[in-house]
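Asks: give me the fold of what follows.
(2 chains)
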Amino acid sequence: MDEGRARRRGVPPRLWLAGGWLLLALLAAIFAPLVAPQDPLAQDLMLERLPPFWMAGADPGYWLGTDSLGRDLLSRLIFGGRIAFIVAFAAAIAACLVGSALGLIAGYFGGWADRIISRIVDVWMAFPPVLFAILLVAVLGTGLSSVILAIAIIDWTRFCRVIRAETMGQSRMDYVENARIAGYGRIGIMLREVLPNVVPSIVALLSLEMGIAVIVEAILSFVNLSISTDDPTWGGIIAEGRLSIHQAWWVLVFPLVTLILTVLSFSQFGEALKTRFDPVLR
Amino acid sequence: MLLQRFLIRLLTMLITLFGVAVVVFVVIRVAPGDPIAMMLPPGATDADIARLRALYGLDKTIVQQFFIWLSGVARGDFGTSISLRQDVLGLVFNRLPATLELAIVALVMAVAIGGTTAIIGARERGTAVEAGIDIASGAALSIPDFLWGLVLILLFGVLVPIFDISGRVSPQLDLPFVTQFYLFESLLRLRLDLTWDLLKHMLMPAVALALPLAAIISQLLKQSLKEVLDLDYVVLARVKGFSETQVILREALKNAALPTLTLVGVQFTFLIGGTVIVERLFSYEGLGNMAIDAVINRDLPLIQGIVLVFALLFVLINLSVDMMYALLNPRLRHG
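Replies: Below you'll find the predicted structure:
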């Protein structure tokens, strides 16, 4: 009951925080050349491993310090955000379109369509996802589009499983039967009647998937298989930080905090949307 | 009824494995980059290349290669690793125990942490304690194992360096083991010094893998416990004078655990999938770490073998959970 009252009072504060962080990170990424204090690729061995601003020996031009090649950490994080958000949006939307379409078809038509799609999902679920991603990028060749494609190829099943189950539930409802009696075609009912009712789940999953895509991209960068090694990525910075962890902990801490905040924010949105639209929980 | 269910599951399992074999075979053969060219020193002649291609069977069509490989697999022959030049099955069996031990330690930790917090949360329902557990499990669930691993490396490898963050066992130690199940064997041999050293290496990656699963167990088990705690027979036990903890442990847990069990099975496969990157992060010499090297080296036979072993592990776990569920669920047992 308490929860219900809290929800009616409006948007919970953690959602404001999540939205605020994502907006900040997104704007910084979009306007990276304007906001970044330094060139993210500029190396200067005189400036290597400068600590963040509050520590002795810091340089005011390098707020979060520098890495072992003297590159500005803050600027690299801001530019790395570009890759992270492009991958998050593109990969999640691609996975969503494929997965939701197949889930809708399997759930609504049942029979052979369902059996075939469900078998494919079973096969996909038997792959360790991280290994599958690494394998696909190795096959497709490193690069932004390969990373996006690999994530979409792997994660469509997340959408497919949920949307299939939801569509099956919806298809048994009276309104679907009524539409059939009223003489609507099967595909028409699926798209006009059933689809709008599963859209809330799709949107909630989409937000969760964006967080997952950011992580997968970071993992791929971490094993040096994401985009070209010149461009800064969050996972790439983490890989550097893991190596120089005893000399310069900040090179690991700041990208890690950035990733955690981003993932938590996406999942907060996903959870909030799920509760917001779920008639049982509401 | 039960046997029929088992046979159907076994059949779908084989179809799934066949599907995995087809997918991985097709995927890695579309790959640009010639593994043979990478093996040979510069200056190798075309004839050398052709000979090696024939040796690894790469001169045949994809369909021929697939069936040659599959018939080999059926006989337990997974081929020869191109980069390590050893029998794939031997390599896999050499590394698999390390991964299994890590995954099982992580599972035990997840069940222990998740179970305890669920019981405390159900006992203290409606209080600040429950709210605290909810927040903690929400955070543990949203942050994936890869990030937990990094957080743990920073906290317990650098800030307070009490655990080892690299490798499986201290390299200077003399190992008397005859199997690759180091942890298990060290316990059997009562070499607790080695057990401790292994655990010190294993603890951080295991916690990283365990936390998300612990959160799921905690949330689901607490929910089921709270539902069961309102039922008549539980109320009766309370009237009989049992304390709330006793009521939960003796009466409620048995009935609330079933939905959690099914979920733990599926989630355990996710945990094993997570070992790939977590092993890499902690330089732990398991199957996942070897898999990443195999991909980087374009070692086709080794990749195929590892992926298939992972897939086999996943479907076997799902099968056993399904069977356990059928055995424990009275409605299915007699239905």
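Asks: spell out which parts of the stretch 51-200 of chain A neighbour chain B.
Replies: Within reach of chain B by CB under 8 Å from any CB of the partner chain, the stretch 51-200 of chain A has these residues: A:119-120, A:122-123, A:125-132, A:134-136, A:138-139, A:141. Placement of C-beta: from N, CA and C, glycine included.
Asks: write a PyMOL command that selects only the buried members of those.
Replies: This is the PyMOL syntax for the buried subset of these, where burial follows 16 or more other CB atoms under 10 Å in any protein chain shown:
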select buried, chain A and resi 120+122+123+125+126+127+128+129+130+131+132+134+135+136+138+139
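Asks: setting the sequence-adjacent residues aside, check what's closest to residue B:138.
Replies: residue B:215 (7.3 Å; CB to CB, 6 or more residues apart in numbering or on different chains).
Asks: quick one: the helices in the stretch 1-150 of chain A?
Replies: Ranges of helices in the stretch 1-150 of chain A, per DSSP state H, counting those that start in this stretch, are A:2-8, A:13-30, A:32-35, A:73-109, A:111-125, A:129-140, A:144-171.
Asks: in CSV, list those helices along with mean pLDDT and distance to residue B:169.
Replies: Formatted as CSV, those follow (pLDDT from 0 to 100; distance: least, CB to CB, whole Å):
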stretch, mean pLDDT, distance to residue B:169
helix A:2-8, 48, 48
helix A:13-30, 90, 41
helix A:32-35, 86, 44
helix A:73-109, 94, 35
helix A:111-125, 93, 33
helix A:129-140, 88, 24
helix A:144-171, 92, 33
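Asks: Serialize these to JSON lines and add fields for distance to residue B:48.
Replies: Output for the helices of the stretch 1-150 of chain A, formatted as JSON lines (distance: least, CB to CB, whole Å):
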{"stretch": "helix A:2-8", "distance to residue B:48": "71"}
{"stretch": "helix A:13-30", "distance to residue B:48": "49"}
{"stretch": "helix A:32-35", "distance to residue B:48": "49"}
{"stretch": "helix A:73-109", "distance to residue B:48": "41"}
{"stretch": "helix A:111-125", "distance to residue B:48": "38"}
{"stretch": "helix A:129-140", "distance to residue B:48": "25"}
{"stretch": "helix A:144-171", "distance to residue B:48": "31"}
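Asks: of those, which approaches residue A:46 most closely?
Replies: Residue A:46 lies closest to helix A:73-109 among the helices of the stretch 1-150 of chain A, at 16.1 Å (CB to CB).
Asks: list the helices and strands that closest one packs on?
Replies: When contacts are defined as 3 or more CB pairs under 8 Å, 6 or more residues apart in numbering or on different chains; DSSP states H and E, helix A:73-109 packs onto helix A:13-30, helix A:32-35, helix A:111-125, helix A:144-171, helix A:186-189, helix A:195-222, helix A:234-243, helix A:250-277.
Asks: distance of residue B:178 from residue B:238?
Replies: 53 Å (CB to CB, to the nearest Å).
Asks: of the two, who's got more company?
Replies: The neighbour count for residue B:178 versus residue B:238, taken as other CB atoms under 10 Å in any protein chain shown, is higher for residue B:238 (15 against 8).
Asks: how about the contacts made by the nearest residue to the more buried one once chain neighbours are set aside?
Replies: Leaving aside its chain neighbours, residue B:238 sits nearest to residue B:247 (5.5 Å; criterion: CB to CB, 6+ apart). Residues in contact with residue B:247 (CB atoms under 8 Å, 6 or more residues apart in numbering or on different chains) are B:229, B:234, B:237-238.
Asks: which among these end up buried?
Replies: B:229, B:234, B:237.
Asks: show only the entries of these found in helices.
Replies: Among the buried ones among the contacts of residue B:247, the residues falling in helices (DSSP state H) are B:234, B:237.
Asks: which of the buried ones among the contacts of residue B:247 lies closest to chain A?
Replies: Minimum distance to chain A across the buried ones among the contacts of residue B:247 is 18.0 Å, recorded for residue B:229 (CB to the nearest CB).
Asks: how near is the closest one to residue B:237?
Replies: Taking CB to CB, one finds residue B:229 at 10 Å from residue B:237.
Asks: for chain A, see how far away the residue nearest to residue B:238 is.
Replies: Taking CB to the nearest CB, to the nearest Å as the measure, residue B:247 falls 24 Å from chain A.
Asks: same thing with residue B:120?
Replies: 20 Å.
Asks: who are the packing partners of the helix or strand that residue falls within?
Replies: Per DSSP states H and E: residue B:120 is located in helix B:88-123. Packed against helix B:88-123 by the contact rule (3+ CB pairs under 8 Å, 6+ apart) you find helix B:128-142, helix B:182-188, helix B:192-228, helix B:244-246, helix B:253-281, helix B:287-296, helix B:300-328.
Asks: state the mean pLDDT of it.
Replies: Averaged over helix B:88-123, pLDDT sits at 93.
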